[in-house]
Structure formats: C-alpha cells, structure tokens
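>>> need a 3D model of the sequence below.
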Amino acid sequence: MHSGDVVLCDVQFADSFEVKTRPAVVLFEEYGNIVVAGITSNTKMKGIPLTISDGAIKDSVIKTNYVFTISEAMVKKKLFTLTKEKKAELHAEIAKKLNILIT
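Numbers count the residues shown, from 1 in each chain. Down below sits the predicted model:
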C-alpha cells in the first residue's frame, strides 16, 4: 500500500465490536500496519471532498478527523489512487491538524 491509495477495508468501530467493510485512504504503511483516514458518502460531513471524477464510486468526503490503524490483512482491495493534487490537499490538512498538537 502507498500513500494516496483508496482501499476497501474491514473497520472495527470504536463504540462496538461490529466490523464493517468501508473505504479509506492510506496515509502511510509501516511494518504491516496501515494508517488510514476514513471516507464517508455523507457529503455534509467536514473533510476533503472526493468526487466521481476523482475516482470515487459516488461523491464522498475524506474524514481527516477519523484516522486509524489497520493491519494489511484488513484490506480487501485497492480501489484507486488519489491524484497528486488531492493527495497534497489531504497531507496539508492532516499536517494542520498535527500542528495544533505542537503549538
């Protein structure tokens, strides 16, 4: 997996033991652990818009406030890769959120 890959993966929700298959975008991978940002089709949520022209099945939002780690085994398949521009937008937004922690 590479940064910017949009994948379909199994996600265990924090408030239950339920596991669902959901899309996510890879932020980075290291030692078999993949850090991802969740994607939702609820376009009213805050985040980075992801459109059909970007490669999404339907208009969606990358939720930069929903970042979590999964194992390689949880990835079902790669769907597409973000454009260089969309990936830069995602990285800039994540960096902004991390900068809040150090100021």
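
>>> A56 and L50 touch, don't they?
Yes. The pair formed by A56 and L50 meets the contact definition of C-beta atoms under 8 Å, at 4.7 Å. For the C-beta atoms, the positions are set from N, CA and C on the backbone; glycine is no exception.

>>> which neighbours do those two share?
Shared contacts of A56 and L50, defined by C-beta atoms under 8 Å, 6 or more residues apart in numbering, are found at V6, I39.

>>> who has more neighbours, these two?
Ranked by neighbour count (other C-beta atoms under 10 Å), A56 and L50 place L50 first, with 26 against 20.

>>> show me what that one is bridged to.
Using DSSP bridges, the bridge partners assigned to L50 are S60.

>>> that one is in contact with K63, isn't it?
No. At 10.2 Å, L50 and K63 do not qualify as touching, with contact defined as C-beta under 8 Å.

>>> give me the common contacts of the two.
Common neighbours of L50 and K63 (C-beta under 8 Å, 6+ apart) are I39.

>>> name the nearest residue to Q12, ignoring sequence neighbours.
Distance criterion C-beta to C-beta, 6 or more residues apart in numbering; nearest residue to Q12, sequence neighbours excluded, is V19 at 5.0 Å.

>>> doesn't I70 make contact with the one you found?
No. Proximity of V19 to I70 does not meet the contact threshold set by C-beta under 8 Å, at 10.7 Å.

>>> what do those two both touch?
A shared contact of V19 and I70, defined by C-beta under 8 Å, 6+ apart, is any residue touching both; here these are D10, V11.

>>> of those two, who's got more company?
Neighbour tally, V19 and I70, criterion other C-beta under 10 Å: the higher count belongs to I70, 21 against 12.

>>> what about that one, which helix or strand?
Remark: I70 resides in strand 60-71, with elements defined by DSSP states H and E.

>>> please consider this matter closed, and thank you.
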